[in-house]
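**Student:** model the following, please.
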Amino acid sequence: MTNIRPFHLAFPVTDIPETRKWYQEILGCTIGRESDKWIDFNLFGHQIVAHLVNKIEIPESSPVDGKSVPAMHFGVVLEWQHWNQFSKKLIEKGIEFVIEPHIRYKDKPGEQATMFFKDPSGNHLEFKSFQSDEGIFAKNE
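**Tutor:** Got it, this is the predicted structure:
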């Protein structure tokens, strides 16, 4: 995993000003280009773009390690200490979690810290971390 480049993700939102405020104040994103129909954010070095739509259809969830995980979601794999600091900040800011911060696959390949929450438009975000990068693509035994 060398020379990893930032990813780009476009996603729908129903209110640009509310989205702008939430991504800045809750996630700490900086703003790039913007218009009244879309806005670029820097999410931990990655470019995500919120596009204004009238309605969002949120797909179902699926079971993963005993939790009901939203089938459509996005986020970032953070370093272990950064994930812990970030989850504490979100708790302090009163984020309502869809899935509380916890350790998934404890003592198994792919053990990870994870948490899920929604933005104001209902998009699901997952932020996770592994003790080492080898765990990101670890296979089941």
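**Student:** partners of residue 47 in the sheet?
**Tutor:** Going by DSSP bridges, residue 47 is paired in beta bridges with residue 8, residue 42.
**Student:** and the pLDDT for it?
**Tutor:** At residue 47, the pLDDT value in this model is 98.
**Student:** repeat for residue 140
**Tutor:** Residue-level pLDDT assigned to residue 140 equals 77.
**Student:** skipping adjacent residues, who's closest to it in space?
**Tutor:** Excluding the flanking residues, the one nearest residue 140 by CB to CB, 6 or more residues apart in numbering is residue 109, at 6.1 Å. C-beta: built from backbone N, CA, C; applies to glycine.
**Student:** kindly list the longest helix within the protein.
**Tutor:** helix 80-92 (DSSP state H).
**Student:** now do the buried residues in the very next helix or strand once past it.
**Tutor:** Heading C-terminal from helix 80-92, the first helix or strand you meet, by DSSP states H and E, is strand 97-104. Across strand 97-104, burial judged by 16 or more other CB atoms under 10 Å covers 98, 99, 101, 104.
**Student:** the residue nearest to the spatial centre of the chain: what's it in contact with?
**Tutor:** For the chain, residue 75 is the residue whose C-alpha lies nearest the centre (CA atoms, centre = their mean; 2.6 Å). Applying CB atoms under 8 Å, 6 or more residues apart in numbering, we find residue 75 in contact with 125, 126, 127, 128.
**Student:** contacting residues around the second one?
**Tutor:** Think residue 126. 69, 70, 73, 74, 75, 114, 115, 116.
**Student:** one more time with 10 Å
**Tutor:** 69-70, 73-77, 98-99, 114-117 (CB atoms under 10 Å, 6 or more residues apart in numbering).
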